[in-house]
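Peer 1: sharing a model that was predicted from the sequence below.
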Amino acid sequence: MMGDGMLLSPTRWRQGASVECYFTYALLAFILTFLALPSSKAVNNFYYAFMGLPALWVFVRGRWQAVRISPLLVLWAAFLLWTLLAIVQVQTLQYLKHWLYVTIFCALILLLVDYRFFRRDQIIHGLFYAVLAYLALSTVYLWLTGVYTPGERIHMPMRLTSPTYASIVLVAFFSLTTGILIKRQSWWLLGLSTASVLFFTGYILQSRAGVLGAAIVMTLASVYFLWNARQWGVRLILILAGLGLAIGMYYLFETVPEFDRLIERADAGRFELWQAHYQAFIECHTLLGCAPVHFEGITTFGGRLLVEHPHNVLFSVLLYHGWIGLILFLAILLLSFLAAWRQHNPWGLFLLVSLFMLMFEGGGLINHPNELWLLVLLPCILILTEVLRAPEARSKLYGNPFIG
């Protein structure tokens, strides 16, 4: 038997424990491959060789007992089956391959990974500081080699190369570690971490999504402080500190060109992009969704060519899987947040902050291993795993004070 779940037969509990240990560390390594491996192909190969194929072998050879049924599990099964119907529209084996990758990834976390490992403070801290170190070392290297000069927007050298996605991943893991720092009352480390996140999202990566996410995390932290402060004097100090931070941010956006360019780019044509995609969507199958090829060559009313994906993760679900797919996914998110609240699960905050930032970025969920696996699938399935394995748990030891 593995962990708390009903997985392998009791006669193979030793093998089950070793399997769970392997896939738990493999999942941790998979997260770090986005920082350590040079290309998408390299990350894909790592997933195939060390996670996907071994998990498939375990699924085929293992003697499985039934897992606990819950509404959230049923919704996930329904959503994945519904997304499989997109093969009718796409009509390519590549989509079926990507669907299998996503399904196996979700299943191996649910059945083969110890979810408690990813609730440990040291693991959460380690992931955040690993991302921060990756960005800092890459920035110094690119500056010293002359590839970029200070003030330019930097594309990082490894798999996590996109400035927008790099900032989103940084802020998402920052949201995890913030709760721990508050719980420990590590105020200096919290301040240093906050300043580092603002520096990298605003100046190095110049990402509006990242700055927005950081603002959301700081706002939630401020609300938590105000709600739990026992003295009005403390609340007044917090309010004044918040005003000081707001004035400082205004000063940065007014005087520092790198921050000012974030405002100059405005919405970068997002609203026009969404309008053009939705117009193409209603001409297709609004219930089942449309194949990505349906949006190729899409133009605005002025004739300007637009990128194919809509830069919004929820809107992508609607376009590619129709209204039914979107309703199922929204139901999954709602139940996931409710479960995270009951569990005091910090991955609920991770998911919430990620979704806010992905309202301005992100493509389809059914794809090869990419950042959406880390930002959406990973937290959702970790929450689901705790629902199935520990439905009565109240994980106060690792609980995030922002949730519950």
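Peer 2: It's in.

Peer 1: can we go C-alpha only for contacts and neighbour counts from here?
Peer 2: Fine.

Peer 1: now do Arg14, the pLDDT please.
Peer 2: If you check Arg14, the pLDDT there is 38.

Peer 1: check which element follows the longest helix anywhere in the chain along the chain.
Peer 2: Longest helix in the chain by number of residues (criterion: DSSP state H): helix 313-343. Beyond helix 313-343 on the C-terminal side, the first helix or strand identified by DSSP states H and E is helix 346-357.

Peer 1: that next one packs against which elements?
Peer 2: When contacts are defined as 3 or more Cα pairs under 8 Å, 6 or more residues apart in numbering; DSSP states H and E, helix 346-357 packs onto helix 163-184, helix 208-228, helix 313-343, helix 378-389.

Peer 1: low-confidence stretches in the stretch 251-400 of the chain?
Peer 2: Within the stretch 251-400 of the chain, the stretches with pLDDT under 70 are 251-271, 285, 291, 293-309, 391-400.

Peer 1: could you rerun that using 90?
Peer 2: Applying pLDDT under 90 to the stretch 251-400 of the chain flags the ranges 251-312, 315-316, 319-320, 359-364, 388-400.

Peer 1: if we can go back for a sec, buried set for the longest helix of the chain?
Peer 2: Within helix 313-343, the residues that count as buried by 16 or more other Cα atoms under 10 Å are 313-326, 328-329, 331-333, 335-343.

Peer 1: what angle separates that helix from helix 378-389?
Peer 2: Going by axes from the mean of the first three to the mean of the last three Cα atoms, to 10 degrees, helix 313-343 is angled at 40 degrees with respect to helix 378-389.

Peer 1: per-residue confidence at Tyr165?
Peer 2: We have a pLDDT of 95 for Tyr165.

Peer 1: what's around the nearest residue to Leu335 once chain neighbours are set aside, how many residues?
Peer 2: Excluding the flanking residues, the one nearest Leu335 by Cα to Cα, 6 or more residues apart in numbering is Leu72, at 6.4 Å. Per other Cα atoms under 10 Å, the neighbour tally for Leu72 reads 21.

Peer 1: and Leu72, that's in a helix?
Peer 2: Yes - according to DSSP: H, G, I helix; E, B strand; the rest coil, Leu72 belongs to a helix.

Peer 1: just send the helices and strands packed on helix 346-357 back as JSON lines, with distance to Phe30 too.
Peer 2: Putting the helices and strands packed on helix 346-357 into JSON lines (distance: least, Cα to Cα, whole Å) gives the following:
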{"stretch": "helix 163-184", "distance to Phe30": "14"}
{"stretch": "helix 208-228", "distance to Phe30": "23"}
{"stretch": "helix 313-343", "distance to Phe30": "22"}
{"stretch": "helix 378-389", "distance to Phe30": "11"}
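
Peer 1: what about Glu283, neighbour count?
Peer 2: Residue neighbour count, defined by other Cα under 10 Å, stands at 10 for Glu283.

Peer 1: contacting residues for it?
Peer 2: For Glu283, the contact set (Cα atoms under 8 Å, 6 or more residues apart in numbering) is empty.

Peer 1: Ala276 versus that one, what's the distance?
Peer 2: To Ala276, Glu283 is 11 Å away according to Cα to Cα, to the nearest Å.

Peer 1: ok, now Ala331?
Peer 2: Ala331 sits 26 Å away from Ala276, taking Cα to Cα as the criterion.

Peer 1: swap in Leu335?
Peer 2: 31 Å.

Peer 1: equivalent analysis for Ala49, please.
Peer 2: 40 Å.

Peer 1: looking at these two, which is more packed in?
Peer 2: Ala276 (18 against 11).

Peer 1: that one sits in which helix or strand?
Peer 2: helix 270-282.

Peer 1: and the angle from that helix to helix 313-343?
Peer 2: Interaxial angle of helix 270-282 relative to helix 313-343 (the same axes, to 10 degrees): 100 degrees.

Peer 1: with only the CA atoms kept, save helix 270-282 in PDB.
Peer 2: What follows is helix 270-282 as a C-alpha-only set of coordinates in PDB (Å, rounded to 0.1, in the frame of the first residue of the first chain):
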ATOM      1  CA  ARG A 270      -5.400  41.600 -25.700                       C
ATOM      2  CA  PHE A 271      -9.000  42.800 -26.000                       C
ATOM      3  CA  GLU A 272      -8.800  43.000 -29.700                       C
ATOM      4  CA  LEU A 273      -7.200  39.600 -29.800                       C
ATOM      5  CA  TRP A 274     -10.000  38.100 -27.600                       C
ATOM      6  CA  GLN A 275     -12.700  39.700 -29.700                       C
ATOM      7  CA  ALA A 276     -11.300  38.300 -32.900                       C
ATOM      8  CA  HIS A 277     -10.900  34.800 -31.400                       C
ATOM      9  CA  TYR A 278     -14.400  34.800 -30.000                       C
ATOM     10  CA  GLN A 279     -15.900  35.900 -33.300                       C
ATOM     11  CA  ALA A 280     -14.100  32.900 -35.000                       C
ATOM     12  CA  PHE A 281     -15.300  30.600 -32.200                       C
ATOM     13  CA  ILE A 282     -19.000  31.300 -32.600                       C
END
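
Peer 1: what is the burial count for the nearest residue to Leu127 once chain neighbours are set aside?
Peer 2: In space, and not counting its chain neighbours, Leu127 is closest to Phe173: 6.9 Å by Cα to Cα, 6+ apart. Other residues within reach of Phe173, judged by other Cα under 10 Å, total 25.
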